[in-house]
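Trainee: From the sequence below, what's the structure:
(2 chains)
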Amino acid sequence: MNQKVIGLSGDEAVAYAVKQCNVDVVAAYPITPQTIIVERIADYVNDGEVDLEYIPVESEHSAMSACIGAAAAGARAFTATAANGLALMHEVVYIASSLRLPIVMAIVNRALSGPICIHCDHSDTMAERDSSWIQLYVEDAQEAYDTVIQAFRIAEDPSVLLPVMVNLDGFIVSHTLQDVSVLPDEVVSEFVGKRQVASIDVAGKTVPMMLHPDNPLTFGPLDLFDYYFEHKRQQEEAIKAARDVIKRVNEEYYKISGRRYGDGMVDSYRMDDADIAVVGLGSTMGTVKEVVDEERSRGLKVGAIRIRSFRPFPVDQLLEELSRVKVVGVLDRSGAYGAPGAPVYNEIRSLLYDLDKRPAVLGYIYGIGGRDMPPELVKSVIRDLENALEKPPETKVEFIGVRE
Amino acid sequence: MIFEVRWHGRGGQGCWTASTVLALAALSEGKSVQSFPEFGPERMGAPVQAFTRISDKKIRMHCNIYRPNAVVVLDPTLLGRSVVEGLVEGGALVVNTKSTPSQVKSSLGIHGVKVWTVDASRIALEVLGREITNTPMIGALVKATGVVKIDSVISAVKERFPGELGEKNATVVRRAYDETVGE
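Mentor: This next block holds a predicted model:
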């Protein structure tokens, strides 16, 4: 396969992938813990290792605005941010997806203030959950590298044409150096190809759907009760279509790299005969897999399901896997204050409603503001789920690892 | 089997660099690795920690290290009971100090771990002209634990610090390796 293994942090792995993906424009503003990504890309540009237009902007709002302009002109555009930076971008995040622009953005997940906290939780991206961006959450630096490469293919697929967020856990993944296998430049370049632009018919003439002086088009004009609803309706079809594309790209990437992540949508671990499933996002699920092995060795039938694609949500896969278990524990690294539970829990409870025989679903909110999730805490969750096998509790959503 | 190391130093002494060079040395031997600093604001001179994980299998654990197999202390002024917190039974405490291992053991009142000492400050002053103790303490850790080959560390050091600086650091690593004693 001719891959080399190098030591990279999650942030460095993202930058390395961007360097290889024939990106035309990067517009970005630094924010901890994402800063290393944009610094490394700036180094690559400065050292002549990559030929792209680097726009150092004055805010995240401008970063996304510049990416929107670039992508509308047919460029392949990338940016990265975290937490408050993403929040400042919020308005234009919606515009990027509404204009169906296949921008790729790395988010280094960090608690959204306040008080200011630079550490990991998923409150930043959960606030963009309904923006019609595809959201992929990775487990480690290797997957961050692999997923950035896949993200361009997914975003630019003609049946999708939506932007993609690649989410990696702040510090835990972004600042941890690990062994990362990287593909040769030419292999990645061929895999992602050049950005393809869709064609549309304008006044009897077929033209590329991009800003160009030869074929003037307007992007994002006023759209009232006459067509706005139809445009929103199409976004739902597009993000649904992304499910198959995410799976296909996961398999195609496997062919060039030898690496795949479950079916692309979910990464299931030892679920075949499981009575108990632990479901969650991101790096914590690696720790959960380790604990699952330990629990299995003492005979407990427990498995783990890492949701890789939170948007689009892996409806079919989760229904299939969870219909076979008795108890589900859902780990959430963000709150949904005032809601019945937290974001992942709420989705799963809703999803399982139609089953004739539903498993018990218990929710655990952990790791807010970077609070560590050690194996002992995972074990305490599994003990709780084991007890629920005998005697399922009534609705239960609990904060764990916190002073009460 | 995962081998876990906790490094104690002061901000600016290169704790994370030591952790990372060790990880890169292990990576060159085909191991799976993690190296991470104590997350948070970095303050020059304040006590800081860094962490290394080394394993034959892909590392999936993504949390802090609570039960290290080895603890390395870069700065003698940090030596106290707290540095051995969580150190596994039979683990290695590797200290930059002029004291002998038995003196360290009795001053800390610890049992059940093996203590290794080296005067890394003196080696660094003699070779580098500055009291930079991160690279010699990698040599000391390797002597104490054999977690990687010393030649892998020397190659990793030369890659990390090109030219004369790399050569000097390689000398420092080798000398610390040779001079480290344990009991």
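Trainee: hey, let's count contacts and neighbours off CA atoms from now on
Mentor: OK.
Trainee: Domain map for chain A?
Mentor: A:4-197+A:240-256, A:266-399 (automatic domain parsing).
Trainee: With respect to burial, which of the ones you listed scores highest?
Mentor: Of all the domains of chain A, domain A:4-197+A:240-256 carries the top mean neighbour count, a mean of 22, counting by mean count of other C-alpha atoms under 10 Å in any protein chain shown.
Trainee: shaky segments in chain B?
Mentor: Counting by pLDDT under 70, chain B shows low-confidence ranges at B:41.
Trainee: Which residues of it lie near chain A?
Mentor: Proximity of chain B to chain A (C-alpha under 8 Å from any C-alpha of the partner chain) is limited to residues B:20, B:23-24, B:27, B:32-37, B:39-40, B:60-64.
Trainee: Looking at the domains of chain A, spot the one closest to residue B:88.
Mentor: Taking C-alpha to C-alpha as the criterion, domain A:266-399 is the member of the domains of chain A that comes nearest to residue B:88, at 16.3 Å.
Trainee: tell me how far the ends of that closest one are from each other?
Mentor: Start to finish, the residues bounding domain A:266-399 are 25 Å apart (C-alpha to C-alpha, to the nearest Å).
Trainee: same thing with stretch A:16-32?
Mentor: Separation of the first and last residues of stretch A:16-32 by C-alpha to C-alpha is 18 Å.
Trainee: returning to what we had before: now the domains of chain A in JSON lines, with distance to residue B:124 and mean pLDDT?
Mentor: Listed next are the domains of chain A as JSON lines, based on distance: least, C-alpha to C-alpha, whole Å; pLDDT from 0 to 100:
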{"stretch": "domain A:4-197+A:240-256", "distance to residue B:124": "26", "mean pLDDT": "97"}
{"stretch": "domain A:266-399", "distance to residue B:124": "36", "mean pLDDT": "96"}
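Trainee: returning to that earlier point: so which of the residues of chain B next to chain A belong to helices?
Mentor: By the criterion of DSSP state H, membership of the residues of chain B next to chain A in helices covers B:20, B:23-24, B:27.
Trainee: Where neighbours are concerned, which of those residues has the most?
Mentor: Among these, the one with the most neighbours (other C-alpha atoms under 10 Å in any protein chain shown) is residue B:24, at 31 neighbours.
Trainee: I figured that one was touching residue B:156, is that so?
Mentor: Yes - using C-alpha atoms under 8 Å, residue B:24 makes contact with residue B:156 at a distance of 6.3 Å.
Trainee: residues from the stretch 1-150 of chain A in reach of chain B?
Mentor: Counting by C-alpha under 8 Å from any C-alpha, the residues of the stretch 1-150 of chain A that sit close to chain B are A:6-7, A:118.
Trainee: Check those against chain B and report the nearest one.
Mentor: residue A:7 (6.4 Å; C-alpha to the nearest C-alpha).
Trainee: Could you tell me whether the closest one really is in a strand?
Mentor: Yes - under DSSP: H, G, I helix; E, B strand; the rest coil, residue A:7 sits within a strand.
Trainee: Could you check how far residue A:193 is from residue A:20?
Mentor: Relative to residue A:20, residue A:193 is positioned 11 Å away (C-alpha to C-alpha).
Trainee: Tell me the spacing between residue A:61 and residue A:118.
Mentor: Distance, residue A:61 to residue A:118, using C-alpha to C-alpha: 20 Å.
Trainee: If you could redo that for residue B:136, that was the one I meant.
Mentor: For residue B:136 relative to residue A:118 (C-alpha to C-alpha), the value is 33 Å.
Trainee: One more: residue A:334?
Mentor: Counting by C-alpha to C-alpha, the gap between residue A:334 and residue A:118 amounts to 14 Å.
Trainee: Also residue A:103?
Mentor: As judged by C-alpha to C-alpha, residue A:103 and residue A:118 stand 25 Å apart.
Trainee: Same check on residue B:166?
Mentor: According to C-alpha to C-alpha, residue B:166 stands 34 Å off from residue A:118.
Trainee: now swap in residue A:404 and tell me
Mentor: For residue A:404, the distance to residue A:118 under the criterion C-alpha to C-alpha works out to 23 Å.
Trainee: Repeat that for residue B:109.
Mentor: In this structure, residue B:109 lies at 38 Å from residue A:118, with C-alpha to C-alpha as the measure.
Trainee: before we move on, what about residue A:373?
Mentor: 17 Å.
Trainee: How many residues are close by residue B:110?
Mentor: Burial of residue B:110 is recorded as 14 neighbouring residues (other C-alpha under 10 Å).
Trainee: quick one on the thing from earlier: in strands, which of the residues of chain B next to chain A appear?
Mentor: Helix and strand membership here follows DSSP state E; of the residues of chain B next to chain A, those in strands are B:32-37.
Trainee: Those residues into a markdown table, with extra columns for neighbour count?
Mentor: As requested, those are exported to a markdown table (neighbours: other C-alpha atoms under 10 Å in any protein chain shown):
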| residue | neighbour count |
| --- | --- |
| B:32 | 24 |
| B:33 | 29 |
| B:34 | 29 |
| B:35 | 28 |
| B:36 | 27 |
| B:37 | 23 |
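Trainee: In contact with whichever residue of the stretch 301-404 of chain A sits closest to chain B, which residues?
Mentor: When C-alpha to the nearest C-alpha is the measure, the stretch 301-404 of chain A has its nearest residue to chain B at residue A:374, with 5.6 Å between them. Taking C-alpha atoms under 8 Å, 6 or more residues apart in numbering or on different chains as the contact definition, residue A:374 lies against A:287, B:63-64.
Trainee: Having no further points to raise, I will conclude here.
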